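Chemist: starting from these lines, generate the structure:
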Amino acid sequence: MTNWRWWMVVLLFVATTVNYLDRQVLSLTWKDFIAPEFHWTDNDYGTITAIFSIVYAICMLFAGKFVDWMGTKKGYLWSIGIWSTGACLHAICGWLTVHIEGYESAAAMTAVQAGSTAALAIASTSVWLFLAARCILALGEAGNFPAAIKVTAEYFPKKDRAFATSIFNSGASIGALIAPATIPLLAQFFKDQGVGGGWEMAFVIIGALGYIWMGFWVFMYNKPEKSRHVNKAELEYINQDYTEEEIEAASKAEEKGAKGEKEKSISLWKCFTYRQTWSFIVGKFFTDGVWWFYLFWAPAYFSDQYGYASSSGMGVALITTLYAIVTVLSIFGGYLPKLFVEKKGMNPYNGRMLAMLIFAFLPLPALFAQSAGAISVWWPAIIIGLAGAGHQAWSANLFSTIGDMFPKSAISTITGIGGMAGGIGSFFIQKGAGALFTYSENAGKAFQFLGFEGKTAGYMIVFCCCAVAYLIAWAIMKTLVPKYKKIEA
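Modeler: Below is the predicted model of the structure:
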């Protein structure tokens, strides 16, 4: 049997890695490189990440349907092409701000007195420009997971999908792992060389990686039944969940699609009538924002609370350790339900839900992350790493529940709907965190929570919310869909 399906996983893994690298450039450069130049506050950064989240959410609603309509190959190409362009466009925001505000150079903007009217004008203009670039990034990135989950459903039987998903989904962790070891150093190198503020080239170099991936995708991807790299034995393995009649029906539907005839599918709005859809929505709404909070705010957290800049050796070590834990542990998340199915004889959905309940407990130690920081800064890094690993393992199984319950023709659409819910949840966390941190920092000792004061108390509040989100989500999901039930188109 050939194993071309695993090369598809490699492509999905690389795409997801690039996806998260592009997201991380801003979070790793804003505090130490961008904020001083544009006089940003935590609230400004929170606004940018929140708007990114809500635009991503809106685009996700339609991205899945777009991928189902356009086809996996073209849909993925459009997606990564747009987000790579958006990533590169961040680099010109500084140049545009200088010209719009009428300064001679970025250094002249930096020299403006903090808190002055001029500083507020610079911050406002730059925030709007970054928002524009961020919206283009969000538009393209919205297509990544709908397309990737569709490829997984095309190339893997149900029992292997969570494992395959956990592998490509670990690209998020790898991207977050590589990012702190490269992006701040890239920015610092180009800054030392006198190339702008340094951060501009970091956006350009990381953004350009997507264009390289597109070349590999064009030549390597095709549907398994059409791929010259997939032999009969592998195709039979891939289609083991389906009867000959179902495979023949799918083939006819594919032929109809090629001839321009209408293929039977579930409409976008009808998807909202199923409890299974709402179960997936709940799972994404409560938990995606938690992961994005760790992704967007961890570098600033270690800089704010412990004084380790993202470009410092200790800052790089802390973030790298955090995501190394996420990467190593999260891959096992997709293997656990496989054991439940093969060893315990459970159906794939029940096996996944049991695994997700186990993973829902991993983020709970985040309740003690702030307290443990008094002992050593390494404890928050380890605890957040465990919480992040729990999320990635949870996420891999959550994505795979779509393939369990919906036909292939609706997989990208349902993924997009759930992604929209996750983006909305992230909007509330990002904007809330930014406003809370700015308020608590200004309030100082007057703001207290569980024995913590000022901005430290603000972080404690958000950590508490993140810790319990998964158990709440699991309980609601289980209530909505207590037993496995497949939806037919």
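Chemist: please settle this for me: is residue 477 part of a helix?
Modeler: Yes - Residue 477 sits within a helix when classified using DSSP: H, G, I helix; E, B strand; the rest coil.
Chemist: what sits against it?
Modeler: 279, 282, 283, 353, 356 (C-beta atoms under 8 Å, 6 or more residues apart in numbering). Using the backbone N, CA and C atoms, a C-beta is placed for each residue, glycine as well.
Chemist: residue 72: which of these is nearest?
Modeler: Nearest to residue 72 among the contacts of residue 477: residue 283, at 23.5 Å, using C-beta to C-beta.
Chemist: nearest residue to that closest one in space, please, no chain neighbours.
Modeler: Once flanking residues are discounted, residue 283 sits nearest to residue 398: 4.7 Å by C-beta to C-beta, 6 or more residues apart in numbering.
Chemist: kindly report the same for residue 141.
Modeler: residue 83 (4.6 Å).
Chemist: which stretch of helix or strand covers the one you found?
Modeler: helix 72-89 (DSSP states H and E).
Chemist: point out the other helices and strands that the next helix or strand after that helix packs with.
Modeler: Tracing the chain past helix 72-89, the next element assigned as helix or strand by DSSP H and E is helix 93-101. Judged by 3 or more C-beta pairs under 8 Å, 6 or more residues apart in numbering; DSSP states H and E, the packing partners of helix 93-101 are helix 35-38, helix 106-110, helix 117-141.
Chemist: so can I have TSV of those showing distance to residue 27, mean neighbour count and mean pLDDT?
Modeler: Formatted as TSV, the helices and strands packed on helix 93-101 follow (distance: least, C-beta to C-beta, whole Å; neighbours: other C-beta atoms under 10 Å; pLDDT from 0 to 100):
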stretch	distance to residue 27	mean neighbour count	mean pLDDT
helix 35-38	12	20	91
helix 106-110	20	17	89
helix 117-141	12	20	94
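Chemist: can I get those in CSV including distance to residue 203?
Modeler: As requested, the helices and strands packed on helix 93-101 are exported to CSV (distance: least, C-beta to C-beta, whole Å):
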stretch, distance to residue 203
helix 35-38, 14
helix 106-110, 15
helix 117-141, 8
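Chemist: so for residue 320, which of those helices sits nearest?
Modeler: Across the helices and strands packed on helix 93-101, closest to residue 320 is helix 35-38 (C-beta to C-beta), at 22.3 Å.
Chemist: what does the closest one contact?
Modeler: 41, 44-45, 94, 97, 106, 109-110, 122-123, 126-127, 197.
Chemist: ok, stretch 165-173 next?
Modeler: Under C-beta under 8 Å, 6+ apart, the answer for stretch 165-173 is 9, 12-20, 148-149, 152, 291, 323, 326-327, 330-335, 388-389, 392-393, 395-397, 399-400.
Chemist: same question, stretch 73-83
Modeler: 15, 18-19, 22, 63, 66-70, 136-144, 146-148, 151, 210-211, 213-214, 217-218, 221-222, 412.
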